[in-house]
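> turn this into a model:
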Amino acid sequence: MTSDSNPFSAAPSALGYLYQLRYALLCLFRQSEDTVCLIEGDDDIDFSDPEEGRILASLKHKAVGDTLSDLSPDFWKSVRIWLAYYLKDPRPTSPGRFYLCTTGSVSPGSLLEHFLPTKSRPADLAAQAKAKLETSDSKTLAKTKVELESLSDDQLTDFFSRITIFDQLTRIENIPQKIIDEKLRTVRIQFRQAVYQRLEGWWMDQSIKLLSDERADPMRGSEVSEMLSFICEQFRDDNLPIDFENAEPEEGVDPDSDDRIFVRQLRTIGVNSGRIKTAILDYYRACQQRSEWLRINVDLTGEIDRYDERLVNEWNRLKQIVWEELAEDAAEEILQNFGRKLFNDLSTSNHPNLRIRIGVTATYVAMGSYHLLANERKPRVYWHPRFEERATEILKNTAV
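Residues are numbered from 1 along each chain as shown. Here you go, the predicted structure:
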């Protein structure tokens, strides 16, 4: 539904805020890695660069076809924001430049065309701009008029010389592809969207932390580069992305009422509720992770099947070692102890054979996969030494 059908819609405003975040990410990629970025500081976006100084950028995500004319509030409201910053230190040598970044276009023949980076600037541009503003009867722009009066002629010229308008910029829906085309050419084609999605997810999370004061430091260009490198590492041939390390099911986790086969198996060897909760989370995260891997790489199906076979082989190898001294007539308490030892040894093992790829070290991948194998209608792995003899009893009335 478009905002045209609802005059009270907040969609344009929401789109504008989201545009700030996406555009800031694009800009940081295009600046030096020493550049730092603040969201909603003295303007929509603040950039500070050791060489170029500070830049205050006002962003306007406009409807398709919108234009910017001489008395457009988008321009003059931004002028007022910049003026407040400028008046803190109105020296000609003080750092600070002001950008109006809009998806709209400057009206041909308007005075504002002279603020475009590709146009020449008449010597009296500041005086012309102030005179143009004087012709407006808008109450919205009245305060800007008053505040401009506080500048001397030299200051007025200096202030307006710092303003640049960038029009017809990339719209919000096209920024992801722009970043992919400009910065992800070294990533395999089939993984570019997945890499970008993970990068933007991290960026949005950090932006929210910055806006909510959970993060004190501004974002840095070098930080974006480091995160991109980290994400790309996960898409190498010896690695896979890890996306669900802290994920939890929406319905929550209840280890005491969960009656799935793999949970019942753990109860049978006396695993406590806290560890069963961890097992349920590992199971959930492994399921989600496998689905995500297959979504971004459909060729992984056979590799996952081979991984499961390898896990079964490793379980069987360790089972024979752990249970080698187990007596045929061992009491139930001893059987449970041996079952927990097998489960504990696999849970704490860092053996490379338990990894689907050598670079995948997240514990939930291996242990969640074991719980998947233990949850099959005819489980391929089990923990109780007498499971095969007692399968009917253990699995009675369980849910897969």
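
> just give me the neighbour total for residue 319.
For residue 319, the neighbour count with other C-beta atoms under 10 Å is 19. Backbone N, C-alpha and C define where each C-beta goes, glycine included.

> for it, list the residues it contacts.
Neighbouring residues of residue 319 by C-beta atoms under 8 Å, 6 or more residues apart in numbering: residue 342.

> in which helix or strand does it reside?
helix 301-322 (DSSP states H and E).

> next one: the helix or strand just after that helix to chain centre, how far?
Under the assignment DSSP H and E, the closest C-terminal helix or strand after helix 301-322 is helix 332-348. With C-alpha atoms, centre = their mean, to the nearest Å as the basis, helix 332-348 stands 40 Å off its chain's centre.

> contact partners of helix 332-348?
266, 268-271, 314-315, 318-319, 322-323, 326-327, 330, 354, 363, 366-367, 370, 383-386.

> mean confidence for that helix?
For helix 332-348, the mean pLDDT works out to 96.

> for whichever helix or strand comes after it, buried residues please.
Using DSSP H and E, the helix or strand that directly follows helix 332-348 along the chain is helix 363-374. For helix 363-374, the buried set under the neighbour-count rule, 16 or more other C-beta atoms under 10 Å, comprises 363, 364, 365, 366, 367, 368, 369, 370, 371, 372, 373, 374.

> what angle separates the longest helix along the chain from helix 301-322?
As assigned by DSSP state H, the longest helix anywhere in the chain is helix 273-296. Going by axes from the mean of the first three to the mean of the last three C-alpha atoms, to 10 degrees, helix 273-296 is angled at 150 degrees with respect to helix 301-322.

> start the count at 52, not 1, going forward
Let's use 52 as the start, then, which means that last one is helix 324-347.

> helix 324-347 - what's its average pLDDT?
pLDDT averaged over helix 324-347 gives 96.

> equivalent analysis for stretch 107-124, please.
Stretch 107-124 comes out at a mean pLDDT of 94.

> okay, strands next: where are they in this protein?
87-90, 96-100, 104-111, 118-119, 148-153, 156-157, 214-217, 270-271 (DSSP state E).

> gap between the helix holding residue 370 and the chain center?
Distance, centroid of helix 352-373 to centroid of chain: 34 Å (C-alpha atoms, centre = their mean).

> would you mind listing where the stretch 52-201 of the chain has pLDDT under the threshold?
Applying pLDDT under 70 to the stretch 52-201 of the chain flags residues 52-61.

> do a quick rundown of the helices in it.
62-81, 124-137, 176-185, 193-199 (DSSP state H, counting those that start in this stretch).

> then the stretch 202-351 of the chain?
Under DSSP H, counting those that start in this stretch, the stretch 202-351 of the chain gives helices at 204-212, 226-234, 243-262, 272-284, 312-319, 324-347.

> relative to strand 148-153, how tilted is the first one?
Helix 204-212 and strand 148-153 are oriented at 40 degrees to each other (the same axes, to 10 degrees).

> can you give me the buried ones in helix 204-212?
In helix 204-212, counting by 16+ other C-beta under 10 Å, buried: 206, 207, 208, 209, 210, 211.

> same for it, what does it pack against?
helix 124-137, helix 176-185 (3 or more C-beta pairs under 8 Å, 6 or more residues apart in numbering; DSSP states H and E).

> ok now that helix, how far from the chain's centre?
Chain-centre distance of helix 204-212: 41 Å, with C-alpha atoms, centre = their mean.

> what's the answer for stretch 291-305, then?
Worked out by C-alpha atoms, centre = their mean, stretch 291-305 lies 16 Å from the chain centre.
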